[in-house]
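Engineer: Model the following, please.
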Amino acid sequence: MNEHFSTLRKDRELSFVRFVNFYNTVKLHTGISNMAIDTSNSVIDKKLIVSYSQTQYWVSIGCEKVMVCIDRYSEQVKSLLTQSEVSCAAIVTAYNPCSQLNNENENRLANELLRSFLVRNHYRFLESLNVDPTQIWPPEKSFFVLGLGLHAEQNIGRQFGQNAIVWMDHGAIARLVLLR
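Structural biologist: Residues are numbered from 1 along each chain as shown. Got it, this is the predicted structure:
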């Protein structure tokens, strides 16, 4: 009888090991992450941070629209980074500074100022659109900037009054980076 229980225990342990390996593989290939955003030093309302984390960031790559989600791997972004020969990218907007709703004209003007800044500084970028799936926030035009390092992107985000930016390195997993 002990031999039978010993065999069952080994089978159960082996099944658990297989499950853990499978789970880790799924996490690796889907970009699912347990990365928590450190909000302890931030003045940004926690509900806003949740909203930023749930936003769908749509990047226009040629004729295709690619959805980028926080803490998720994107094969299309990885391919774009490789083809563009850069190791990182970021998404930044000039809409609604400090998450204070501006009218469309103010947002359009701020967006054009950001575009001019990117062009003047010879940054390569693609059009993007930030969409709140709950529709509490209206869509915000933004830019997917190729090859922009984290510190440079943080500076641009702050310059345009943003609470956060989205940044990804060569691993092509989008990270929410709080600026305040």
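
Engineer: Would you mind splitting this structure into its domains for me?
Structural biologist: 1-30, 46-178 (automatic domain parsing).

Engineer: what's the most buried one of the ones you listed?
Structural biologist: domain 46-178 (a mean of 17; mean count of other CB atoms under 10 Å). In this view, the C-beta of every residue, glycine as well, is placed from N, C-alpha and C.

Engineer: Tell me the first helix or strand C-terminal of the lowest-mean-pLDDT helix or strand in the chain.
Structural biologist: Lowest by mean pLDDT, DSSP states H and E among the helices and strands of the chain is helix 2-30, with a mean of 46. Counting by DSSP states H and E, the next helix or strand C-terminal to helix 2-30 is helix 46-54.

Engineer: State the mean pLDDT of the helix or strand that comes right after that following helix.
Structural biologist: Following helix 46-54 in sequence order, the next helix or strand is strand 56-61 (DSSP H and E). The average pLDDT within strand 56-61 is 96.

Engineer: Just the CA coordinates for strand 56-61, please, in CSV.
Structural biologist: C-alpha atoms of strand 56-61 as CSV (Å, rounded to 0.1, in the frame of the first residue of the first chain):
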residue,chain,number,x,y,z
GLN,A,56,-5.4,49.9,-25.7
TYR,A,57,-2.5,51.6,-27.6
TRP,A,58,-3.1,51.2,-31.3
VAL,A,59,0.0,51.7,-33.5
SER,A,60,-0.3,52.2,-37.3
ILE,A,61,2.3,50.1,-38.9
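
Engineer: Just give the strands next to it in its sheet, each with its orientation.
Structural biologist: strand 64-68 (antiparallel), strand 124-131 (antiparallel) (DSSP bridges).

Engineer: Show me where the protein dips below the pLDDT cut-off.
Structural biologist: Within the chain, the ranges that satisfy pLDDT under 70 run 1-40.
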